[in-house]
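Engineer: generate coordinates for the sequence data below:
(one chain, ligands or ions: 2)
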Amino acid sequence: MPAPEKDLAIAAREVRKKYPATGKEQPPALDGFELGVPRGTVHGLLGPNGAGKTTAVRIMATLLEFDHGTVRVAGHDVVREGRQVRRRIGLVGQYAAVDEELSGRQNLVMFARLSRLAPPAARRRAEELLERFDLAETGSKRVSAYSGGMRRRLDLAAGLIVAPEILFVDEPTAGLDPAGRREVWKAIRGLVQGGTTVLLTTQYLEEADQLADHISMLARGRVVAGGTPGELKARVGNDWLELVPRAEADIPRIGAIAAPWAVGGDIHIAQGRVRVPVVDRTHALLGVAAALRDDGIVLDDLLIRSPTLDEVFIHLTGTTATGHAHTGESDLPTDQSQGVPA
Ligand SMILES: Nc1ncnc2c1ncn2[C@@H]1O[C@H](COP(=O)(O)OP(=O)(O)O)[C@@H](O)[C@H]1O
Ligand SMILES: [Mg+2]
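Structural biologist: Ligands and ions are numbered 1, 2, ... in the order given. Presented below is the predicted three-dimensional model:
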């Protein structure tokens with residue numbers, strides 16, 4: 001049941017934003033964008049590169065004008081009451097101007113002073129935040145010597161000098177290794193326990209799954225699907241079986257045999273492979289393997305793996321994340337289109 005508008009920390013309706021033409025004609029960055037985030041929850045805005053995540057965050061944070069629609073954040077209209085909104089939000093991500101030459105502690109004191117805390121209060125706040133983000137020991141090191149995970153935790157701390165009601169976090173783990181990513185996840189989980197509403201953008205399905213109470217999937221400037229991580233996984237499949245037949249001629253037969261195990265009966269065929277979204281991988285693996293054997297079909301390979309972001313989009317929307325109709329082999333995205341940073 002959707003929360004009533006007044007209980008929403010963020011409510012965006014029919015938002016449209018087109019950047020001024022930059023030479024070649026571009027579609028709008030946001031086109032009918034809608035979002036409702038209840039207070040005290042973590043909302044994941046999941047989408048590939050160019051989907052409009054940063055544009056949406058900048059609009060909600062009052063940093064960017066838009067052409068059409070309404071956006072209310074913390075109960076205030078971002079256009080007419082920008083000042084009230086800014087007082088209640090924090091913003092972390094591709095913005096924080098952390099000084100590489102200063103230590104983590106010096107940076108936090110500087111940000112606290114910029115937020116008008118008196119010097120003793122600024123020092124106290126810096127210590128609290130260093131402690132909270134596991135940076136106390138490395139607080140005197142220069143930021144230029146920080147690991148990626150430490151650096152991102154410092155960004156988070158800088159966004160929390162004055163505890164905001166709503167925190168926007170734009171791709172907090174882009175470019176981090178798995179260890180750094182886990183550190184940042186832990187830090188974000190800690191925030192939520194303090195009652196902050198968090199809007200997190202990410203290109204990683206797993207990240208949204210780990211952190212968010214609710215996920216909205218964004219493609220081409222519009223939310224194309226949404227639900228709890230559990231609901232989305234039930235629609236997409238927790239795992240995908242990938243079957244590679246010895247003889248390509250067997251593909252249609254394999255599809256027919258595997259269909260009863262596929263979530264929604266949807267089989268995806270591309271590049272000489274049959275992909276089957278499944279809920280219970282052990283059950284599906286054993287069942288499909290036995291049925292294929294009984295039919296005399298020989299496989300070159302059989303894999304179990306998590307769906308890629310593009311597969312999720314295709315499965316839920318029938319189009320790739322970048323907007324091509326999914327008509328089969330010819331236009332199936334390669335795995336690079338997942339947008340994993342180089
Ligand atoms: N300052 C800008 N000027 C013109 N086009 C932009 C600008 N910023 C973003 N865009 C375009 O708007 C679309 C959405 O971009 P963005 O919001 O950055 O997506 P994401 O954060 O999901 O990668 C993209 O097509 C991008 O090229
Ligand atoms: Mg972005």
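Engineer: drop to CA atoms for contacts and neighbour counts, all remaining ones
Structural biologist: Will do.
Engineer: and the gap between residue 224 and residue 239?
Structural biologist: As for residue 224, its distance to residue 239 is 21 Å (criterion: C-alpha to C-alpha, to the nearest Å).
Engineer: repeat for residue 63
Structural biologist: Applying C-alpha to C-alpha, the value for residue 63 to residue 239 is 39 Å.
Engineer: ok, now residue 55?
Structural biologist: The value you get for residue 55 to residue 239, if C-alpha to C-alpha is used, is 31 Å.
Engineer: ok, now residue 194?
Structural biologist: 33 Å.
Engineer: looking at these two, which has the bigger crowd around it?
Structural biologist: The neighbour comparison of residue 194 against residue 239 (other C-alpha atoms under 10 Å) goes to residue 239, with 20 against 11.
Engineer: pretty sure that one is touching residue 303, no?
Structural biologist: No - with contact defined as C-alpha atoms under 8 Å, residue 239 does not count as touching residue 303 (10.0 Å).
Engineer: report whether the lowest-mean-pLDDT helix or strand in the chain contacts ligand 1.
Structural biologist: When the helices and strands of the chain are scored by mean pLDDT, DSSP states H and E, helix 309-317 comes last with a mean of 79. No - counting by C-alpha under 6 Å from any ligand atom, ligand 1 is not contacted by helix 309-317; separation bottoms out at 13.2 Å.
Engineer: ligand 1 contacts on the chain?
Structural biologist: 19, 29, 48, 49, 50, 51, 52, 53, 54, 55.
Engineer: ok, which stretches of the stretch 51-200 of the chain are helices?
Structural biologist: Ranges of helices in the stretch 51-200 of the chain, per DSSP state H, counting those that start in this stretch, are 53-60, 82-88, 104-114, 119-132, 148-158, 178-193.
Engineer: look up how far residue 313 lies from whichever residue of the stretch 151-300 of the chain sits closest to ligand 1.
Structural biologist: Among all residues of the stretch 151-300 of the chain, residue 221 sits closest to ligand 1, at 7.0 Å; criterion: C-alpha to the nearest ligand atom. Distance, residue 221 to residue 313, using C-alpha to C-alpha: 14 Å.
Engineer: residue 287 too?
Structural biologist: 26 Å.
Engineer: more neighbours: which of these two?
Structural biologist: Remark: of residue 287 and residue 313, residue 313 carries more neighbours, 24 against 15, as counted by other C-alpha under 10 Å.
Engineer: which residue lies farthest from the center of the protein?
Structural biologist: For the chain, the largest distance from the centre (C-alpha atoms, centre = their mean) belongs to residue 296, which lies 42.5 Å off.
Engineer: what about the closest residue to residue 70 other than its chain neighbours, distance to residue 86?
Structural biologist: Closest residue to residue 70 apart from its sequence neighbours, by C-alpha to C-alpha, 6 or more residues apart in numbering: residue 13 at 5.3 Å. Taking C-alpha to C-alpha as the criterion, residue 13 is separated from residue 86 by 19 Å.
Engineer: got it, and residue 256?
Structural biologist: 55 Å.
Engineer: same check, this time on residue 168
Structural biologist: For residue 168, the distance to residue 86 - C-alpha to C-alpha - is 12 Å.
Engineer: break the chain into its domains for me.
Structural biologist: Domains of the chain are assigned by automatic domain parsing as 5-232, 237-338.
Engineer: now do the same contact list for residue 302.
Structural biologist: Residues near residue 302 by C-alpha atoms under 8 Å, 6 or more residues apart in numbering: 241, 242, 243, 244.
Engineer: just residue 39 next, same as before
Structural biologist: 7, 8, 9, 196, 197.
Engineer: what's around the second one, how many residues?
Structural biologist: For residue 8, the neighbour count with other C-alpha under 10 Å is 22.
Engineer: for it, phi and psi?
Structural biologist: When read as degrees, to the nearest 10, the backbone of residue 8 gives phi -90, psi 130.
Engineer: doesn't residue 43 make contact with it?
Structural biologist: No - using C-alpha under 8 Å, residue 8 makes no contact with residue 43, being 11.7 Å away.
Engineer: what sits against residue 6?
Structural biologist: Contacts of residue 6 by C-alpha under 8 Å, 6+ apart are residue 75.
Engineer: measure it to ligand 1 for me?
Structural biologist: 27 Å (C-alpha to the nearest ligand atom, to the nearest Å).
Engineer: now residue 134
Structural biologist: 28 Å.
Engineer: check contacts around that residue.
Structural biologist: With C-alpha under 8 Å, 6+ apart, residue 134 has no contacts at all.
Engineer: please apply the same query to residue 278.
Structural biologist: Going by C-alpha under 8 Å, 6+ apart, residue 278 touches 236, 237, 238, 239, 240, 241, 261, 262, 263, 284.
Engineer: and the pLDDT for it?
Structural biologist: pLDDT recorded at residue 278 is 92.
Engineer: poorly predicted segments of the stretch 101-250 of the chain, please.
Structural biologist: For the stretch 101-250 of the chain, not a single residue meets the criterion pLDDT under 70.
Engineer: now the helix or strand hosting residue 285: buried residues?
Structural biologist: Using DSSP states H and E, residue 285 sits in helix 281-294. Neighbour counts over helix 281-294 (16 or more other C-alpha atoms under 10 Å) mark 281, 284, 285, 288, 289, 292 as buried.
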